[in-house]
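> predicted model, plus sequence, below.
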Amino acid sequence: MEPSARPDDGRLIDRYGRVATDLRVSLTDRCNLRCSYCMPPEGLPWLPSPDVLTDDEVIRLIRVAVRLLGVREVRFTGGEPLLRPGLTRIVAEAAALRPRPVLSLTTNGIGLDRLAPGLREAGLDRVNVSLDTLDGERFARLAHRRRLPDVLAGLAGAAAAGLTPVKINAVLLRGVNDDEAPALLRFALDHGYELRFIEQMPLDAQQSWDRAQMVTAAEILAALQAEFDLQPDPVERGAAPAETWLVGGVTGVQGPARVGVIGTITRPFCGDCDRARLTADGQVRDCLFARHESDLRGALRSGADDDELARRWRVAMWGKRAGHGIDDPSFLQPTRPMSAIGG
Ligand code: SAM
Ligand code: SF4
């Protein structure tokens with residue numbers, strides 16, 4: 001499609017008519033796990049501290065997004081967002097904005113048992129905790145750390161603090177945990193958590209993603225259907241990345257139990273995407289797979305006012321591509337890995 005003039009619209013619209021209302025804010029690129037689909041075992045060179053937005057800068061950009069750009073939902077992520085010392089204050093300041101955004105967090109769960117009550121009190125609404133296996137040895141192989149008990153404690157702590165529905169994100173890797181879909185669902189149902197599987201994406205720093213090795217949404221569904229009665233979810237999907245199914249005969253925390261599959265690769269949902277991303281070093285990304293970023297930190301630190309920051313952000317989002325293009329022969333993986341983008 002030919003570039004066209006951006007209409008005078010205050011929101012984060014793009015040339016394909018999508019409106020970004022869901023902002024993913026990465027609070028750090030650091031992490032205490034080394035999930036093989038994300039980071040190499042030895043870790044990565046972290047962003048230099050001066051490059052990382054301060055708490056006040058993060059809060060200011062969230063304020064611009066909510067007040068001037070129509071963002072209604074803010075999800076904190078990373079890296080591991082629980083490693084950010086100012087997290088609770090950032091959540092509290094975001095919760096004080098009007099209109100009040102829905103606030104959520106994607107975390108590996110380590111330390112969440114301790115932090116959940118304070119985060120809830122600060123205004124956090126929900127959490128997604130990543131859990132790929134229930135087997136301690138597999139966990140250690142997959143994440144290169146023996147932290148499964150901490151993750152399980154984090155999940156329980158989130159539920160106890162009322163950060164519900166607690167969601168679980170799971171990535172299945174061929175030959176590692178690809179047989180665990182039913183067991184993970186059983187675990188989620190038993191504890192009242194809502195499980196979502198995510199197809200592995202080409203976003204690891206090692207660039208080792210291999211489509212032929214990826215466990216597909218169809219495979220995951222077939223494995224679940226062999227043990228559970230799954231019915232299509234009548235609830236409208238909207239811009240949600242997960243396709244969801246009702247699990248027959250099981251009741252969840254808020255009505256019938258559900259399971260979801262995010263088929264980014266085999267069932268792309270780019271046409272309905274409502275996401276914008278802000279990295280820990282203040283770059284706007286219009287897509288997980290974007291190879292282009294727009295710098296807001298420079299403008300922020302050279303004295304731009306809120307209106308100017310909003311103007312730059314709108315221009316950045318206008319250029320969003322129609323789709324991720326992974327199936328295109330010319331596709332190139334973004335140079336920034338998932339841990340530094342914010343998943
Ligand atoms: N550290 C936190 C966590 O693990 O939840 C937040 C950041 S992590 C990058 C966000 C989500 O992205 C996690 O659910 C993780 O499993 C997922 N993820 C990371 N790399 C991925 C990849 N290559 N493909 C699919 N999902 C990935
Ligand atoms: Fe850390 Fe999350 Fe990446 Fe795992 S997926 S290495 S927990 S940032």
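Cool, got the structure. Ligands and ions are numbered 1, 2, ... in the order given.

> hey, let's count contacts and neighbours off CA atoms from now on
Noted.

> could I get the contacting residues of Ser294?
Gln283, Val284, Arg285, Trp313, Ala316 (Cα atoms under 8 Å, 6 or more residues apart in numbering).

> which residues does the last one contact?
Going back to what we said before, that points to Ala316. Per Cα under 8 Å, 6+ apart, neighbours of Ala316: Val284, Arg285, Asp286, Glu293, Ser294.

> may I see those residues arranged in a markdown table, with pLDDT as well?
Formatted as a markdown table, the contacts of Ala316 follow (pLDDT from 0 to 100):
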| residue | pLDDT |
| --- | --- |
| Val284 | 96 |
| Arg285 | 91 |
| Asp286 | 87 |
| Glu293 | 88 |
| Ser294 | 94 |
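
> ok, those residues vs ligand 1, which is closest?
Nearest to ligand 1 among the contacts of Ala316 is Arg285, at 14.6 Å by Cα to the nearest ligand atom.

> ramachandran coordinates for that closest one?
The phi/psi pair for Arg285 (degrees, to the nearest 10) reads phi -120, psi 130.

> beta partners of it?
Arg277 (DSSP bridges).

> neighbours of it, how many?
For Arg285, the neighbour count with other Cα atoms under 10 Å is 25.

> right, and it touches Leu278 too?
Yes. The criterion here is Cα atoms under 8 Å, and Arg285 meets it with Leu278 at 6.2 Å.

> for Leu119, give me its contacts.
Leu119 neighbours (Cα under 8 Å, 6+ apart): Thr88, Val91.

> got it, and Arg72?
Applying Cα under 8 Å, 6+ apart, the residues near Arg72 are Thr21, Asp22, Leu23, Val66, Pro99, Arg100, Pro101, Val102.

> give me the helices and strands touching the helix ranked longest in the chain, please.
Counting by DSSP state H, the longest helix found in the chain is helix 55-69. Judged by 3 or more Cα pairs under 8 Å, 6 or more residues apart in numbering; DSSP states H and E, helix 55-69 is in contact with helix 87-95, helix 306-318.

> can you point out the buried residues in that helix?
55, 58-69 (16 or more other Cα atoms under 10 Å).

> just the CA coordinates for it, please, in PDB.
C-alpha atoms of helix 55-69 as PDB (Å, rounded to 0.1, in the frame of the first residue of the first chain):
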ATOM      1  CA  ASP A  55      11.300   5.700  36.800                       C
ATOM      2  CA  ASP A  56      10.200   9.300  36.300                       C
ATOM      3  CA  GLU A  57      10.800   9.100  32.500                       C
ATOM      4  CA  VAL A  58       8.800   5.800  32.300                       C
ATOM      5  CA  ILE A  59       6.000   7.400  34.200                       C
ATOM      6  CA  ARG A  60       6.000  10.500  32.000                       C
ATOM      7  CA  LEU A  61       5.800   8.500  28.800                       C
ATOM      8  CA  ILE A  62       3.000   6.300  30.200                       C
ATOM      9  CA  ARG A  63       1.200   9.500  31.100                       C
ATOM     10  CA  VAL A  64       1.600  10.800  27.500                       C
ATOM     11  CA  ALA A  65       0.300   7.500  26.200                       C
ATOM     12  CA  VAL A  66      -2.800   7.500  28.400                       C
ATOM     13  CA  ARG A  67      -3.700  11.100  28.400                       C
ATOM     14  CA  LEU A  68      -2.900  12.100  24.900                       C
ATOM     15  CA  LEU A  69      -2.800   9.000  22.800                       C
END
